[in-house]
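[1] 3D model of this:
(2 chains)
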Number of protein chains: 2
Amino acid sequence: VKNLTSMGLRVEGDKVFILDQEALPHKEIWLESKTPDDMINYIKALKIRGAPLIGVAAAVALAQFVETRFANINILSSSETNEILKMAYRLREARPTAVNLMAAVDRVILKQSLENLSPEQIIKTAEEIFEEDITLCENIGNHGAGVIENGDSVLTHCNAGGLATAGIGTAVGVIRRAFEQGKKIHVYVDETRPLLQGGRLTAWELHKLQIPFTLICDNMASMLMKQGKVQKIIVGSDRIASNGDFANKTGTYSVAVSASHHKVPFYVAAPMTTVDWNCKSGDEIPIEERHSKEVIFPSSSHDYKVYNPAFDVTPHELVTGYILDRGFFKNWNQVPKSLK
Amino acid sequence: VKNLTSMGLRVEGDKVFILDQEALPHKEIWLESKTPDDMINYIKALKIRGAPLIGVAAAVALAQFVETRFANINILSSSETNEILKMAYRLREARPTAVNLMAAVDRVILKQSLENLSPEQIIKTAEEIFEEDITLCENIGNHGAGVIENGDSVLTHCNAGGLATAGIGTAVGVIRRAFEQGKKIHVYVDETRPLLQGGRLTAWELHKLQIPFTLICDNMASMLMKQGKVQKIIVGSDRIASNGDFANKTGTYSVAVSASHHKVPFYVAAPMTTVDWNCKSGDEIPIEERHSKEVIFPSSSHDYKVYNPAFDVTPHELVTGYILDRGFFKNWNQVPKSLK
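    Next up, the predicted model:
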């Protein structure tokens, strides 16, 4: 695999490294991923996360697998092909909500005849997916920067930045582009309980980018909107259904409801790889439930009953506009149905 | 001072103890408060908290002060009177938002001629305030239990329970009464960032009361309402303005906005001692801002800019009903203006 670098994922020949996002911002540790199993464990533990990035990472893990396992083999045996397919399926199932993961793995595999998988082709497709994601982010940033006006304060939830993609990010990419255009902006960062991707990751990124921001608890976003302190809201997405409903990190729906109440424009920024045309509506998006420890940990040692869905679904009615790599769309109906 | 006992405050003659709510639920530690300064520090550090309880605690601290300082003195000198007034003012200012604190201190002092303060009268009034708060909670519980129907799931924010009052609590008191009436109920507990009074304190209380509950992150409340899983919402208050707007723990407003969006009935439970008739509307309620460390601590060691208001204001338009010790009122206009 060729050398490829992003904020959270690095490929150096047959070596793959991920920046441990669980340890951020306290420690910046690069972990080596030697096998698809390593990558699956990192994805499950959220050491690598973000809908686009876990897709890229899974593709890379598969490429690394064929490169190390079947070096110099041009024509794979049936049992060797099965080994790859098994790995592909296991990677695909590491997390259920972000469709990018399944889409990337499928693309690596399905771009060719299943009877005749080519290691070279697998590696090439994985490289393509990595590099394409960088471009998708650039396009999203360029299409979206216009929604942010000079003087705006923009609120974002979770982390849809460089740590969530192979490029400059989706929601954070838009903010970054607007900032680079010289607009004076301020960002309100929802800390994003339970795992604090806003407080830990988005804050870390914005700090590096020197974009001014204020960290808040999720439950303060409504109040800020009431006070007129938020002009725009931009979030990422883990899966957009074919009617424009979308899943994103838990708490996004709450922000959307408050935005609607206070008439603050609410935008979703995502690449077309996040769209699942097979999903009729948000009701069909599978929502991952995670361990109660994530919620209980700071507050108690008791074994309380906990509800801990990692994502929630926001209906398209609450979305002011979709910032996609293909362009900016006020109505979901205007979005072209093809991926390319 | 006579012996008085509540879940979070204990008086034994001239000794006063508070249950350290900062250490709950991990440790149950009773701390002795020997002087008004001790109590002020405990109040500032939220070791003792809850609008009604800090009012009671301040009154008790003042009573303890005069009892230990002026034992056997019937007529105070002018400089002794000034000493008491100075202490009263300092206690009054320990925290700015909950009006119960000021109201309780003022009541202890103003029930008599300022020229002629009587230690005995101060002690008697403090005892009165403690015992009265128990009764106020009972009345709130009795007036409010009717809003909860058999089979309801009730969401609450922060802790408005036995730890926040001298009695059974306000919002939690209502839930407790309904539960004791044999109604099958379930409670959703907002963890209540940043200081987790829901996850640490309300969960601890409900666990002791054996009332079934599920702990959630604040940002999940909206989603639960969308899913039809919440039938009623009941919260406490730190100050109710004369138009029915009210301040309560940060995040309450966000819950109220979601309740309105999803048409879930939203109730405020509070004693009349929480009403500030001098405050025209929520805009006039002073909102305490607390240290950024409370928000940043779990997510980062960086010195990020943080907005950390301890309370927010919910306008009366979003309130379905007020559960007061004087009765249940659908409209604020129906609430009698006298305290007695």
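[2] how near is residue A:96 to chain B?
    Noted for residue A:96: a distance of 17 Å to chain B, by Cβ to the nearest Cβ, to the nearest Å. To be clear about C-beta, it is placed using only N, CA and C from the backbone, and glycine gets the same treatment.
[3] where along the stretch 51-200 of chain A do the strands fall?
    All strands of the stretch 51-200 of chain A, identified by DSSP state E, counting those that start in this stretch, fall at A:153-156, A:186-190.
[4] just name the most buried of those strands.
    Of all the strands of the stretch 51-200 of chain A, strand A:153-156 has the most neighbours on average by mean count of other Cβ atoms under 10 Å in any protein chain shown, namely a mean of 26.
[5] biggest helix in chain A by residues?
    helix A:119-144 (DSSP state H).
[6] what residues are up against residue A:225?
    A:155, A:258-259, A:261-262, A:264 (Cβ atoms under 8 Å, 6 or more residues apart in numbering or on different chains).
[7] and for residue A:72, the neighbour number?
    5 (other Cβ atoms under 10 Å in any protein chain shown).
[8] ok, residue A:27 next?
    Residue A:27 has 8 nearby residues by other Cβ under 10 Å.
[9] could you look up the SS state of it?
    coil (DSSP: H, G, I helix; E, B strand; the rest coil).
[10] kindly state the pLDDT recorded for the residue nearest to it when sequence neighbours are not counted?
    Spatial nearest neighbour of residue A:27, chain neighbours left out: residue A:20 (7.4 Å); criterion: Cβ to Cβ, 6 or more residues apart in numbering or on different chains. Note for residue A:20: predicted pLDDT of 98.
[11] which residues touch residue A:20?
    By Cβ under 8 Å, 6+ apart, the contact list for residue A:20 reads A:27-31, A:47.
[12] who wins for most neighbours among the residues you listed?
    residue A:47 (21 neighbours).
[13] that one and residue A:27 touch, don't they?
    No. Taking contacts as Cβ atoms under 8 Å, residue A:47 lies outside contact range of residue A:27: 11.9 Å.
[14] for the longest helix of chain A, buried residues please.
    A:119, A:121-127, A:129-130, A:132-134, A:136-137, A:139-144 (16 or more other Cβ atoms under 10 Å in any protein chain shown).
[15] chain B contacts on the stretch 1-150 of chain A?
    A:25-26 (Cβ under 8 Å from any Cβ of the partner chain).
[16] quick check: residue A:326 vs residue A:170, distance?
    13 Å (Cβ to Cβ, to the nearest Å).
[17] do residue A:88 as well
    Residue A:88 is 25 Å from residue A:170, by Cβ to Cβ.
[18] higher neighbour count, these two?
    Using other Cβ under 10 Å as the criterion, residue A:88 and residue A:170 rank with residue A:170 on top: 34 against 24.
[19] ok, the more buried one touching residue A:267?
    No. Counting by Cβ under 8 Å, residue A:267 is not a contact partner of residue A:170; they are 10.3 Å apart.
[20] identify the contacts common to these two.
    residue A:323.
[21] tell me the pLDDT of the residue in the stretch 51-200 of chain A that chain B sits nearest to.
    For the stretch 51-200 of chain A and chain B, the shortest gap (Cβ to the nearest Cβ) falls at residue A:199, measuring 3.1 Å. Looking at residue A:199, its pLDDT stands at 95.
[22] wouldn't it be in contact with residue A:205 here?
    No. Between residue A:199 and residue A:205 there is no contact under Cβ under 8 Å: 11.7 Å.
[23] okay, those two: which has more neighbours?
    More crowded of residue A:199 and residue A:205, by other Cβ under 10 Å: residue A:199, with 29 against 24.
[24] before we move on, the earlier item: Serialize the strands of the stretch 51-200 of chain A to a markdown table and add fields for distance to chain B and mean pLDDT.
    A markdown table is the format used below for the strands of the stretch 51-200 of chain A (distance: least, Cβ to the nearest Cβ, whole Å; pLDDT from 0 to 100):
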| stretch | distance to chain B | mean pLDDT |
| --- | --- | --- |
| strand A:153-156 | 11 | 98 |
| strand A:186-190 | 8 | 98 |
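[25] residue ranges for the helices of the stretch 51-200 of chain A, please.
    For the stretch 51-200 of chain A, applying DSSP state H, counting those that start in this stretch gives helices covering A:51-69, A:78-92, A:99-110, A:119-144, A:171-180, A:197.
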